[in-house]
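Novice: Could you look at this predicted model? Sequence included:
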Amino acid sequence: MTTIATSTEHDDAPDLPRLPFPRAGVLTISPLYARLREAGPVTRVRTPAGDVAWLATRYEEAKALFADRRLGRSHPRPEEAPRVSDAGVMSGPSGDHEHEDADHTAMRRLLTPAFSAKRMRRLHDRVAELAEGLVDDLVAGGSPADLHAAFSVPLPIFVICELLGVPVADRAYFKGLSERMATLTGDDPAVARAEFERYTASLADAKRAEPGEDVISDLVAAQADDPRLTDTRVAELTAGLLFAGHETTVNRLSLGVVLLLVNPEVRDRLVADPAGSVDGVVEEVLRLAEPGGMGLLRYAHEDVTVGEGDDRVTIPRGDAVMIVTSAANRDDGAFDDADRFDMDRSPNPHLSFGHGPHFCIGASLARTELRVGLTTLFSRLPGLRLAVDPESLTLHTERLTGGLDRLPVTW
């Protein structure tokens, strides 16, 4: 039997669990995700904004929904779309519903060369140079130190600045805008988003006057052949790339360090054989490190049925769907002993970069930064250890992207 829930039924569901769910520590996810996974292929929840969304927590359904072209980021009636939060990113529908597929294809065709695995291999030495310099500064400052502020934050920011052609001197400014934009409640996230796009529009203007070998210059040059790539769209794309290009890697670097420090046998293998072990370490960090946890937002462009037999559920057209990769990545139906950090796990088909046509274009960049960052840290500081009890570490639950507040370490 197929279950169909209408929008009216959504409004009459006052007792639904409400995101974000509480978690016991920075290395865990809420136990409620496991209960929801058992309850059905998708389940209804309330978002921080108070609207109803479908939550996908099982691996197979999450993977299928990522690849399902009946889901998208746009909405047929944006003014009626369920919203996640007040954040300036991933809080509601985005893009032109009529042209979403064409716009997405054009954007990937334009950006793929800049973020290709081949280009990331060429970038490797520059990332290593930046990482070495940050460790030099860390050591010079003495221990204990806040590794999050001294290493995890600046490394991805320096890299994305070089890749996009953003002045490194502006890093504190756009980092502050990013954090304000990701805040879940209030009016300020929208104010920060508007300011962020004015800032990226000014960057694009500078590249029109003096282009360089960078992504913003590529976007500006592409405008000559694509009338839909307006100045506003360039500013939006640049803001999205600058935000996503550093925020998620910053947070996973810090949580990756914590995962290694509470799994000393894994840390010891990385120290002893960095080249032979770092790839396995990075994939498990990507699978298990969860800075935020609410999921990636999509909208049903037509009715979508998921599940089988009596478990089937139909998601009506226009409903919001949140695909929770952290829950899917800990599904024991897809991963043996899913909560364990196993650097020898093979294959490791985690969904941290999504799946299908929207697979994260920055996956190679994130992997490069994690490989180089973790290898450099533990090669230079093999005695690195937490300076506090891991249970005292806290996440930014007020922000969509989450992340650690600080990471005190010594060596």
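Specialist: Alright, I've got the coordinates.

Novice: Does Pro20 belong to a helix, a strand or coil?
Specialist: coil (DSSP: H, G, I helix; E, B strand; the rest coil).

Novice: count of residues packed around it?
Specialist: Each residue near Pro20 was counted by other CB atoms under 10 Å, and the total is 18. C-betas here are computed from N, CA, C, even on glycine.

Novice: What are the phi and psi values at the residue nearest to it when sequence neighbours are not counted?
Specialist: Closest residue to Pro20 apart from its sequence neighbours, by CB to CB, 6 or more residues apart in numbering: Met294 at 5.5 Å. When read as degrees, to the nearest 10, the backbone of Met294 gives phi -90, psi -20.

Novice: same thing with Thr183?
Specialist: phi -70, psi 140.

Novice: so who does it touch?
Specialist: The contact partners of Thr183, taken as CB atoms under 8 Å, 6 or more residues apart in numbering, are 86-87, 189, 192, 398-400.

Novice: And Ser352, by the same measure?
Specialist: With contacts defined as CB under 8 Å, 6+ apart, Ser352 is in contact with 286-287, 325, 329.

Novice: Name the nearest of the residues you listed relative to Arg228.
Specialist: When the contacts of Ser352 are ranked by distance to Arg228 (CB to CB), Thr325 comes first, at 30.0 Å.

Novice: I'd guessed the closest one sits against Gly354; true?
Specialist: Yes: because the distance of 7.5 Å satisfies CB atoms under 8 Å, Thr325 is recorded as touching Gly354.

Novice: joint contacts of the two?
Specialist: Residues touching both Thr325 and Gly354 (CB under 8 Å, 6+ apart): Leu296.

Novice: Name the spans of this structure whose pLDDT lies under the cut-off.
Specialist: Confidence mapping of the chain against pLDDT under 70 gives the ranges 1-14.

Novice: Quickly find the element holding the spatially most central residue of it.
Specialist: Nearest to the mean C-alpha position of the chain, by CA atoms, centre = their mean, lies Thr248 at 4.6 Å. Element membership of Thr248 [criterion: DSSP states H and E] is helix 231-261.

Novice: Buried residues, that helix. List them.
Specialist: Buried residues in helix 231-261, counted by 16 or more other CB atoms under 10 Å: 233-261.

Novice: Is it correct that Pro408 is in contact with Asp389?
Specialist: No: with contact defined as CB under 8 Å, Pro408 does not reach Asp389; the gap is 10.2 Å.

Novice: and those two? which has more neighbours close in?
Specialist: Neighbour tally, Pro408 and Asp389, criterion other CB under 10 Å: the higher count belongs to Pro408, 15 against 7.

Novice: Strands along the stretch 51-200 of the chain, start to end?
Specialist: Using DSSP state E, counting those that start in this stretch, the strands of the stretch 51-200 of the chain run over 52-56, 71-72, 145-146.

Novice: mind putting those in JSON lines, distance to Pro22 and mean neighbour count included?
Specialist: JSON lines is the format used below for those (distance: least, CB to CB, whole Å; neighbours: other CB atoms under 10 Å):
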{"stretch": "strand 52-56", "distance to Pro22": "15", "mean neighbour count": "26"}
{"stretch": "strand 71-72", "distance to Pro22": "28", "mean neighbour count": "22"}
{"stretch": "strand 145-146", "distance to Pro22": "25", "mean neighbour count": "19"}
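
Novice: In a markdown table, list these along with distance to Glu98.
Specialist: A markdown table is the format used below for these (distance: least, CB to CB, whole Å):
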| stretch | distance to Glu98 |
| --- | --- |
| strand 52-56 | 23 |
| strand 71-72 | 11 |
| strand 145-146 | 48 |
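
Novice: So which other helices or strands are in contact with the host helix or strand of Val321?
Specialist: In the assignment (DSSP H and E), Val321 maps to strand 320-323. With contacts taken as 3 or more CB pairs under 8 Å, 6 or more residues apart in numbering; DSSP states H and E, strand 320-323 sits against strand 52-56, helix 59-67, strand 296-300.

Novice: Number of residues surrounding Glu61?
Specialist: Residues within reach of Glu61, counting by other CB under 10 Å, total 23.

Novice: I figured it hits Pro41, correct?
Specialist: Yes: shown here, Glu61 and Pro41 form a contact pair, counting by CB under 8 Å, at 4.6 Å.

Novice: what do these two both touch?
Specialist: By CB under 8 Å, 6+ apart, Glu61 and Pro41 have these common neighbours: 306-307.

Novice: What are the boundaries of the strands in the stretch 251-400 of the chain?
Specialist: 296-300, 304-306, 313-315, 320-323, 385-386.

Novice: how about CSV for the ones you listed, with distance to Glu79 added?
Specialist: Listed next are the strands of the stretch 251-400 of the chain as CSV, based on distance: least, CB to CB, whole Å:
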stretch, distance to Glu79
strand 296-300, 13
strand 304-306, 22
strand 313-315, 20
strand 320-323, 14
strand 385-386, 48
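
Novice: check contacts around Leu407.
Specialist: By CB under 8 Å, 6+ apart, the residues touching Leu407 are 146-148, 152, 254, 257-258, 386, 393.

Novice: hey, where'd the helices end up in the stretch 101-250 of the chain?
Specialist: According to DSSP state H, counting those that start in this stretch, the stretch 101-250 of the chain carries its helices in the segments 117-141, 147, 154-164, 171-181, 188-209, 215-222, 231-261.

Novice: Just say which of those is most tucked in.
Specialist: Across these, the average number of neighbours (mean count of other CB atoms under 10 Å) peaks for helix 147, which reaches a mean of 28.

Novice: Packing partners of that one?
Specialist: Counting by 3+ CB pairs under 8 Å, 6+ apart, helix 147 packs on no helix or strand.

Novice: In contact with the closest residue in space to Thr238 that isn't next to it in sequence, which residues?
Specialist: Leaving out its chain neighbours, the residue that sits closest to Thr238 by CB to CB, 6+ apart is Thr200, at 3.9 Å. Residues near Thr200 by CB under 8 Å, 6+ apart: 216, 234-236, 238-239, 242.

Novice: Mind putting the residues you listed into TSV with distance to Pro349?
Specialist: Shown next, in TSV, are these (distance: CB to CB, whole Å):
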residue	distance to Pro349
Ile216	34
Val234	35
Ala235	36
Glu236	32
Thr238	32
Ala239	31
Leu242	29
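
Novice: And these, which is closest to Val313?
Specialist: Checking the contacts of Thr200 against Val313 by CB to CB gives Glu236 as the nearest, at 33.5 Å.
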